[in-house]
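>>> could you look at this predicted model? Sequence included:
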Amino acid sequence: MIELFYESTPNTRKVAIFLEEAGLDYRLTSVSLERGEQHHEAFTALNPNGRIPVIIDHGPDTASPVTVFESGAILLYLAEKTGRFIPADMNGRFATIQWLFWQMAGLGPMAGQNGHFLLYAPEKLPYAIDRYGRETRRLYGVLETQLQRTAAFIAGEYSIADMATFPWIMTHKAQGLTLDDYPAVKRWFAEIRARPAVQRGLAAGGGMPRSSAPMTDARRASLFGAPQEPQ
Ligand SMILES: N[C@@H](CCC(=O)N[C@@H](CS)C(=O)NCC(=O)O)C(=O)O
């Protein structure tokens with residue numbers, strides 16, 4: 001059984017989608033970002049970086065429980081464990097891994113900062129808005145070119161690269177973008193959203209808090225305030 005430490009956010013949705021796609025036995029353990037539970041000692045013992053998602057694989061097919069943090073590493077772990085959603089041949093495998101890393105190191109952080117400066121920063125800083133907006137649009141353009149090329153999924157067949165990228169494209173409106181400007185991304189997005197396992201993955205944790213929850217003072221303090229500094 002896989003335990004997924006969870007609040008509904010782009011990075012945790014990736015993992016819920018994989019678990020549903022693969023039909024793995026799992027349960028969600030709520031981590032309230034508003035209450036700052038990602039900074040609690042019990043949680044940072046699992047992930048010293050104090051971020052969700054984290055999984056614990058409780059077996060029974062592992063000698064002892066396996067803990068993994070970082071959503072990209074979790075997707076790779078689950079793909080290795082099941083032999084699914086990553087091709088076995090070297091070319092296909094690294095086509096998938098390179099796009100997974102592109103999402104982890106590029107699209108996720110840049111879109112995250114873009115959303116921050118557009119929606120949450122107490123001051124509207126034109127330089128930051130311009131810098132991250134431009135970079136996010138550039139990355140959407142890169143994805144558009146790739147999806148026009150493959151005319152299918154990001155790395156050819158449906159894979160963990162798509163599962164990593166899709167929840168971030170879900171945030172396009174908050175990024176100030178429209179998919180009408182990216183027709184191949186729009187086609188791919190609709191195709192993935194229609195998958196029953198993706199629907200189930202997105203519905204996981206129905207009653208739990210979501211990243212789209214209102215930005216209360218407590219949430220702002222937990223996400224951007226003093227707990228983020230070295231303790
Ligand atoms: N690179 C990490 C990023 C994880 C991350 O930033 N998680 C957010 C939710 S999507 C979080 O835990 N935020 C809590 C905080 O900023 O204190 C991953 O992909 O797992």
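Cool, the structure landed.
>>> make it CA atoms for all contacts and neighbour counts henceforth
Noted.
>>> pull out the buried positions in the lowest-mean-pLDDT helix or strand in the chain.
In the chain, no helix or strand scores lower on mean pLDDT, DSSP states H and E than helix 217-224, which sits at a mean of 84. Buried residues in helix 217-224, defined by neighbour count with 16 or more other C-alpha atoms under 10 Å: 219-223.
>>> now tabulate those in TSV and tack on distance to the ligand.
Shown next, in TSV, are the buried residues of helix 217-224 (distance: C-alpha to the nearest ligand atom, whole Å):
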residue	distance to the ligand
R219	9
R220	9
A221	9
S222	6
L223	4
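>>> mind saving the C-alpha coords of the least confident helix or strand of the chain as CSV?
Output of helix 217-224 as CSV, limited to C-alpha atoms (Å, rounded to 0.1, in the frame of the first residue of the first chain):
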residue,chain,number,x,y,z
ASP,A,217,-3.4,35.1,6.5
ALA,A,218,-2.5,31.7,8.1
ARG,A,219,-1.9,30.2,4.7
ARG,A,220,0.2,33.1,3.6
ALA,A,221,2.3,33.0,6.8
SER,A,222,2.8,29.2,6.4
LEU,A,223,3.7,29.4,2.7
PHE,A,224,5.8,32.6,2.5
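>>> show me what it is packed up against.
The helices and strands touching helix 217-224, judged by 3 or more C-alpha pairs under 8 Å, 6 or more residues apart in numbering; DSSP states H and E, number zero.
>>> name the helices or strands packed onto the helix of greatest length in the chain?
Across the chain, the helix with the greatest residue count (assigned by DSSP state H) is helix 126-150. Packing partners of helix 126-150 (3+ C-alpha pairs under 8 Å, 6+ apart): helix 108-115, helix 183-193.
>>> rerun at 10 Å
helix 90-102, helix 108-115, helix 183-193 (3 or more C-alpha pairs under 10 Å, 6 or more residues apart in numbering; DSSP states H and E).
>>> average pLDDT for the helix or strand just after that helix?
For helix 126-150, the following helix or strand on the C-terminal side (DSSP states H and E) is helix 160-169. Helix 160-169 shows a mean pLDDT of 98.
>>> next, give phi and psi for the closest residue in space to S222 that isn't next to it in sequence.
Nearest residue to S222, sequence neighbours excluded (C-alpha to C-alpha, 6 or more residues apart in numbering): G36, at 5.1 Å. Main-chain torsions, G36, degrees, to the nearest 10: phi 70, psi 30.
>>> can you tell me which residues in the protein are near the ligand?
Within reach of the ligand by C-alpha under 6 Å from any ligand atom, the chain has these residues: 9-11, 33, 51-53, 70-72, 223.
>>> most neighbours out of these, which is it?
Most neighbours among the residues of the chain next to the ligand, by other C-alpha atoms under 10 Å: P53, with 27 neighbours.
>>> what distance do you get for that residue to A226?
21 Å (C-alpha to C-alpha, to the nearest Å).
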